[in-house]
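K.L.:
okay, predicted coordinates and the sequence, questions at the end:
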Amino acid sequence: MNKTKSILAAGLIIGLGMAACNTNGSMHRNPGRIYAPDMVYSRAYDAYTPNPNFADSQTSRLPVPGTIAMGHELPDHLKEGDTAAYKTYTTMLRFTEDQLKEGGRLFTIYCAICHGPNLDGQGPLFTSGKFAAMPANFKDPKYLNMPIGQMYAAVKFGKNAMGSYASQLDIKQRWQVLAYVKQQQSKNGGAAFTLGTGPMGTDSTKAAAPAKDSTVAQTSAAAPKHS
Ligand code: HEC
């Protein structure tokens, strides 16, 4: 009895299976309709398909030479050891009072421990005797009018006992800290402060520092034109 039942069940399953496969006709050959075929089959060349528009027939192209990646809008081509370039290197950035305050905050975090909260080189790490090298006294005539590019180089590459701060401060922040230092220096007998004539990104460099025109042109030519 059981045997008959299972034979019947097996037959039923096979029958259903064959019906589902529908091997006998064109009834189910129609692939159906596609909604918005342009979206299914791209009219643009897909990334890895051959492309007759280019000599090398590659659809994926390299960025145009001189392309600046997002987040890297500020160019920095300063090379370590190029001390002649250090002296003329500058920025097109300009800082508002709030941004200068932020520069001061960053100075307190990263620099004041050595250079002192008052910029006199008497930071607690030095005065405690735990750090033997005398940090630069930014109020000393030796540093008062140091070209900002040279200071930038010290932050980017380090200087003797001072390590590089390139990994802690991004390019904008380096200039921001140095703008703060320059502002403080101008209040202590240094040259007039020229980095604060407008919101950040304003290219007022040419008006502010005509003497440094060549470097400025170089810097702003490499920068994107959205400022
Ligand atoms: C660990 C201590 C220490 C810290 C922190 C430090 N510096 Fe210095 N810095 C020094 C010493 C020491 C010198 C002197 C180097 C020399 O001339 O031998 C120096 C020199 C400098 C100079 C002069 C460079 C030159 O060409 O003579 C600048 C500018 C400067 N530091 C900026 C900064 C800024 C900005 C920061 C914060 C981002 C900072 N430093 C953080 C120790 C430090």
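P.N.:
Thanks, I have the structure now. Just so it is clear, the structure is predicted and the values come from calculations on it, not from any experiment.
K.L.:
shaky segments in this structure?
P.N.:
1, 8, 11-28, 199-227 (pLDDT under 70).
K.L.:
where exactly do the helices run in it?
P.N.:
Secondary structure of the chain (DSSP state H): helices located at 2-21, 37-40, 83-88, 97-110, 112-115, 124-127, 141-144, 148-157, 171-186, 205-208, 213-222.
K.L.:
how about Thr108, what does it touch?
P.N.:
Thr108 sits next to Pro117 when contact means C-beta atoms under 8 Å, 6 or more residues apart in numbering. The way it works is simple: take the backbone N, C-alpha and C, and place the C-beta from them, glycine included.
K.L.:
any idea how far it is from Leu119?
P.N.:
11 Å (C-beta to C-beta, to the nearest Å).
K.L.:
now Tyr89
P.N.:
On the measure of C-beta to C-beta, Tyr89 and Leu119 end up 21 Å apart.
K.L.:
repeat for Phe131
P.N.:
Look at Phe131 and Leu119: by C-beta to C-beta, they are 17 Å apart.
K.L.:
so these two - more neighbours on which side?
P.N.:
Set Phe131 next to Leu119 and count neighbours by other C-beta atoms under 10 Å: Leu119 wins out with 23 against 16.
K.L.:
list the contacts for that one?
P.N.:
With contact set as C-beta under 8 Å, 6+ apart, Leu119 has these partners: Asn137, Phe138, Lys139, Val181, Gln184, Gln185, Asn188.
K.L.:
so how far is stretch 122-133 off the chain centroid?
P.N.:
Put simply, stretch 122-133 sits 34 Å off its chain's centre (C-alpha atoms, centre = their mean, to the nearest Å).
K.L.:
list the contacts of it.
P.N.:
Residues outside stretch 122-133 that contact it (C-beta under 8 Å, 6+ apart): 111-117, 134-135, 137, 160-162.
K.L.:
show me what contacts the closest residue to Gln168 other than its chain neighbours?
P.N.:
Nearest in space to Gln168, with sequence neighbours left out and distances taken as C-beta to C-beta, 6 or more residues apart in numbering, is Tyr110 at 5.8 Å. Listed by C-beta under 8 Å, 6+ apart, the contact set of Tyr110 reads Tyr165, Gln168, Leu169, Val177.
K.L.:
can you verify my assumption that the last one contacts Arg105?
P.N.:
This means Val177. No. Assessed by C-beta atoms under 8 Å, Val177 is found out of contact with Arg105, at 9.3 Å.
K.L.:
wait, which of the contacts of Tyr110 is closest to the ligand?
P.N.:
Set against the ligand, the nearest of the contacts of Tyr110 by C-beta to the nearest ligand atom is Tyr165 (4.2 Å).
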